[in-house]
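Novice: Structure of the sequence below:
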Amino acid sequence: NFYEKEISNREEFQYPPFSRIIRIVVSGSELELVEAECDGLAQELVNFSNQDQEEDVSLENFQILGPAPCIIERLRGSYRYHILLKIVDKEDLLEGLLGFLRMRKAKNNVRVLVDVDALDLL
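Specialist: Now for the predicted structure:
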């Protein structure tokens, strides 16, 4: 019973396994630099989705959630912010996005970690 209800809800709201969730975590020792990097990355992702019109990128198949502080905002002396991406039925968009993220270099001594099919949001 639980499975049937849960899988129905996941399909209706396009959550895994009907989509891919990518979590991008930006961390560093200075809050202002982390926020600036995360905001800049979010804008780059918006630009990425807008420029890729051949892929028919729309809110139905590519959503950017955030940036926002992580649930555990500070861990081991580092501030942490994250962005969540939801991609529905677009494996070629996923590959293009991952290529974009691999080529992008973080600035200001911050780290950027990408977790595809994230299992938790902590």
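
Novice: going forward, measure contacts between C-alpha atoms and count neighbours the same way
Specialist: Noted.

Novice: Packing partners of the strand or helix carrying N9?
Specialist: Counting by DSSP states H and E, the element that carries N9 is helix 2-12. Packing contacts for helix 2-12, counted by 3 or more Cα pairs under 8 Å, 6 or more residues apart in numbering; DSSP states H and E, involve no helix or strand.

Novice: What average pLDDT does it get?
Specialist: Averaging pLDDT along helix 2-12 yields 94.

Novice: ditto for stretch 85-105
Specialist: For stretch 85-105, mean pLDDT is 84.

Novice: what's the answer for stretch 16-30, then?
Specialist: Here the average pLDDT along stretch 16-30 is 92.

Novice: Could you identify the helix or strand that succeeds the top strand by length along the chain?
Specialist: Scanning the chain for the strand with the most residues, using DSSP state E, yields strand 62-75. Heading C-terminal from strand 62-75, the first helix or strand you meet, by DSSP H and E, is strand 78-87.

Novice: Does anything pack onto that next one? Which helices or strands?
Specialist: Contacting strand 78-87 under the criterion 3+ Cα pairs under 8 Å, 6+ apart are the following elements: strand 20-28, helix 31-51, strand 62-75.

Novice: Identify, out of these, the most deeply packed stretch.
Specialist: Mean neighbours per residue, mean count of other Cα atoms under 10 Å, is largest over the helices and strands packed on strand 78-87 for strand 20-28, with a mean of 23.

Novice: Could you count how many residues lie near E95?
Specialist: The number of residues packed near E95 is 11, by other Cα atoms under 10 Å.

Novice: Kindly report the same for L98.
Specialist: Other residues lying near L98 total 15 when counted by other Cα under 10 Å.

Novice: what sits against Q43?
Specialist: By Cα atoms under 8 Å, 6 or more residues apart in numbering, the contact set of Q43 is empty.
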